[in-house]
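J.: Okay, predicted coordinates and the sequence, questions at the end:
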Amino acid sequence: MAISFFKNQRGPKQNIDIRIFCILGVIFLIGLAIIVRLFILQIWQGSFYKTMASAEHEVSEDLMPDRGSIYAKEKDQLFPLVTNRDYYLVYAEPVRIKKPEVVAQALGKILKFTEEESADLLIRLSKGDDPYEPIKHKITKQEVDEIKKFNLAGIGFVSENFRFYPEKGIGGHIFGFVGFKDNEKIGQYGLEGYFNKELSGQAGLMKSAKDALGSLITIGSRSVKKAENGSDLILTIDRQIQFFACQKLNEFSDRFGADGGSVIVMKPTGEILAMCSVPDFDPDNYQDVKDINQFNNPAIFEAYEPGSVMKAISMAAGLDSGAVTPETTYNDEGEVKVGGFTIKNSDLKAHGITNMVGILEKSLNTGAIFVEQKVGKEKFKNYLKNFGFGKVTGIQLNKEVAGDLSALDKSGEIYGMTASFGQGIMVTPIQLVAAFGTIANEGKLVKPFVVSEIDKPDGQKQIFSPQVVRQVISPKTASVLTGMLTSVVEHGYGKKAGNKGYYFAGKTGTAQVAAPGGGYGGKTIHTFAGFGPISKPAFVMVTMLNNPKGVRFAEDSSTPLFGQIAQFLLNYYQIPPDY
């Protein structure tokens, strides 16, 4: 009875109050959830949804700048070597094409497709539910006009801007190319890579209101940030010299079946007048290159053991340190033994009592060793470093390497001995031309440069002037060494570098190429480095041929290549003869 009594105490009114309380609780929780959700949307994620809302009512478009051009000089005139040109992309809308066979045949004929390409095109044009198919990039206005004559339904065109190279075969390694990286056009290798930021300019942006259908509202708000075009580069390269040097390099490389080669022509003050290497590549069709290593510029990228051309630098160290004079003599026995090794002269002969001029004229390995031993290994290494070997020159081109002098850090006499005649150390052609430029420039090492001026779109100009890095040897040493190297061209192995009526200074180098398994194999690299006329040097030049066939020494390969380019330069600059 008691239990029944207490149950009956909760009446209908109490049950109604509980239900109301529950309903109010649910309403409160829903309201709280709404408040929290609004807080998240408006505060935490407000910027995101603001952008989304803006996208519904605004259209924005990048305004692309024109990439800067690259110019070479020809005496007082400028010629564009790299510029821009408008091309077109031809595309198809297969859903609109009724007769794909007819369209494929017409396009294939105009665009010069192969049978395989035409067959593939027909397959793509036959996809009845396909809204878009790109057919071919970089087609000309003339090709567009020919296609339009056929009135092909479902075929359209989009304007595209590409780099254009008006002159072929004059040094793709200098220019580099503009290719795609992460879906963005970017300069790679050479000048295009080194000066990508300057050449690219700054993209602009246009924002404008649009209606519910996505069309621009012409009276709506609009903001435009103009694109800033890229800067132009004015090179130190002389167009005529570049063309001739590249032409001669190709001629000699073909004649001797060389694996490669380089030519660099530089003013003694550092301006590069010509630089080319083989095998070259066409920046217009860079995508056709199978081996990406071909993009690297051998003149600054490929370090090699230079051979006897380094004897000029060894002699500079000897003269400048006071260890030797031109009249100093030694007894050449034809070989030097050290630590179980025997080092011989390249001609395998002993020449007896010989002075320092004779060492250079006859290119004696034992003589270079004599000089290095007189100087001392540590001081000798410092001279090589001061000449710029073992570090990059800083030329304004991508992918320069430093070479390698690390052998001189090893203990043992032999490493200094072999370095004295260019074995066991690695240098680049650009380092060699800078080093010989030091001799021509009264002992001052200058920084090579290939860009003389950057012309900005606002009219400002950035000028690059000759820059002295350091005084390496005294002017007296440079003068004495110049005379000794002139004797090499007049009486030694460098005769074919000379030109009648003019005095030139230089040194040959025939270097064995290290074999993969150790030691040296049958391949050689031939180099000639020199400058002239010595009364007032107008240019410094390095010519190098990698593994020429059918010729034993640089005397008969890279040396006459130097001589023929030098003859052109004498005529081009109308330099009066010395005698």
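T.: That came in fine, so what should we check first?
J.: Give me the helices and strands touching whichever strand or helix holds residue 379, please.
T.: Residue 379 belongs to helix 377-386 when elements are defined using DSSP states H and E. Secondary-structure packing of helix 377-386 (3 or more CB pairs under 8 Å, 6 or more residues apart in numbering; DSSP states H and E): helix 311-321, helix 413-420. Where C-beta positions appear, they are placed from N, C-alpha and C, glycine not excepted.
J.: Among these, show me which one is buried the most.
T.: For the helices and strands packed on helix 377-386, the largest average neighbour count (mean count of other CB atoms under 10 Å) is found in helix 311-321, namely a mean of 26.
J.: ok so, going back, so what touches the helix holding residue 379?
T.: 313-314, 316-317, 320-321, 372, 375, 390-391, 405, 408-409, 413, 415-416, 419-420, 425, 445, 470, 472 (CB atoms under 8 Å, 6 or more residues apart in numbering).
J.: Dump stretch 291-309 to PDB, restricted to CA.
T.: Extracted C-alpha coordinates of stretch 291-309, given in PDB (Å, rounded to 0.1, in the frame of the first residue of the first chain):
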ATOM      1  CA  ASP A 291      71.500  12.900 -72.500                       C
ATOM      2  CA  ILE A 292      70.900  15.800 -70.100                       C
ATOM      3  CA  ASN A 293      74.600  16.100 -69.600                       C
ATOM      4  CA  GLN A 294      74.800  17.700 -73.000                       C
ATOM      5  CA  PHE A 295      73.200  20.800 -71.500                       C
ATOM      6  CA  ASN A 296      76.200  21.400 -69.300                       C
ATOM      7  CA  ASN A 297      78.700  23.900 -70.800                       C
ATOM      8  CA  PRO A 298      82.100  22.000 -71.100                       C
ATOM      9  CA  ALA A 299      84.000  25.300 -71.100                       C
ATOM     10  CA  ILE A 300      83.000  25.800 -67.500                       C
ATOM     11  CA  PHE A 301      81.700  22.400 -66.400                       C
ATOM     12  CA  GLU A 302      84.100  19.700 -67.500                       C
ATOM     13  CA  ALA A 303      87.300  19.700 -65.500                       C
ATOM     14  CA  TYR A 304      90.200  17.700 -66.900                       C
ATOM     15  CA  GLU A 305      93.900  17.100 -66.500                       C
ATOM     16  CA  PRO A 306      95.400  19.800 -68.700                       C
ATOM     17  CA  GLY A 307      98.800  18.400 -69.400                       C
ATOM     18  CA  SER A 308     101.800  20.500 -70.400                       C
ATOM     19  CA  VAL A 309      99.900  23.800 -70.800                       C
END
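J.: Kindly provide the distance from the most centrally placed residue in the chain to residue 67.
T.: Centre of the chain computed as the mean C-alpha position; nearest residue by CA atoms, centre = their mean is residue 190, 2.3 Å away. Distance of residue 190 to residue 67, computed by CB to CB, to the nearest Å: 14 Å.
J.: again, but for residue 435
T.: Residue 435 is 35 Å from residue 67, by CB to CB.
J.: And these two? Which one has more around it.
T.: Set residue 435 next to residue 67 and count neighbours by other CB atoms under 10 Å: residue 435 wins out with 27 against 24.
J.: Thought residue 389 was touching the more buried one, still the case?
T.: Yes - judged on CB atoms under 8 Å, residue 435 makes contact with residue 389 at a distance of 7.0 Å.
J.: Overlap of the contact sets of the two?
T.: What both residue 435 and residue 389 touch, as defined by CB under 8 Å, 6+ apart, is the set residue 313.
J.: show me where the stretch 1-150 of the chain has helices.
T.: Using DSSP state H, counting those that start in this stretch, the helices of the stretch 1-150 of the chain run over 2-7, 12-39, 46-57, 100-110, 115-125, 141-148.
J.: Out of the ones you listed, which gets the lowest mean score?
T.: Here the lowest mean pLDDT among these goes to helix 2-7, at a mean of 41.
J.: I'd like the helices and strands packed on helix 377-386 written out as a markdown table, with mean pLDDT and distance to residue 88 added.
T.: Below are the helices and strands packed on helix 377-386 laid out as a markdown table (pLDDT from 0 to 100; distance: least, CB to CB, whole Å):
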| stretch | mean pLDDT | distance to residue 88 |
| --- | --- | --- |
| helix 311-321 | 98 | 55 |
| helix 413-420 | 96 | 57 |
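J.: and those as a markdown table, adding distance to residue 179?
T.: What follows is the helices and strands packed on helix 377-386, written out as a markdown table (distance: least, CB to CB, whole Å):
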| stretch | distance to residue 179 |
| --- | --- |
| helix 311-321 | 39 |
| helix 413-420 | 40 |
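J.: and residue 572, which of those is closest to it?
T.: helix 311-321 (26.0 Å; CB to CB).
J.: My impression was that residue 240 belongs to a helix - is that right?
T.: Yes - secondary structure of residue 240 (DSSP: H, G, I helix; E, B strand; the rest coil): part of a helix.
J.: what's the spacing between it and residue 570?
T.: 13 Å.
J.: what about the nearest residue to residue 556 once chain neighbours are set aside, how many neighbours?
T.: Nearest non-adjacent residue to residue 556, counting by CB to CB, 6 or more residues apart in numbering: residue 496, 7.2 Å away. If you count neighbours by other CB under 10 Å, residue 496 ends up with 19.
J.: Show the contacting residues for residue 496.
T.: By CB under 8 Å, 6+ apart, the contact list for residue 496 reads 555, 556, 559, 560, 562, 563.
J.: Switch those residues over to CSV, and while doing so, append neighbour count to every line.
T.: Output for the contacts of residue 496, formatted as CSV (neighbours: other CB atoms under 10 Å):
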residue, neighbour count
555, 20
556, 17
559, 26
560, 18
562, 30
563, 21
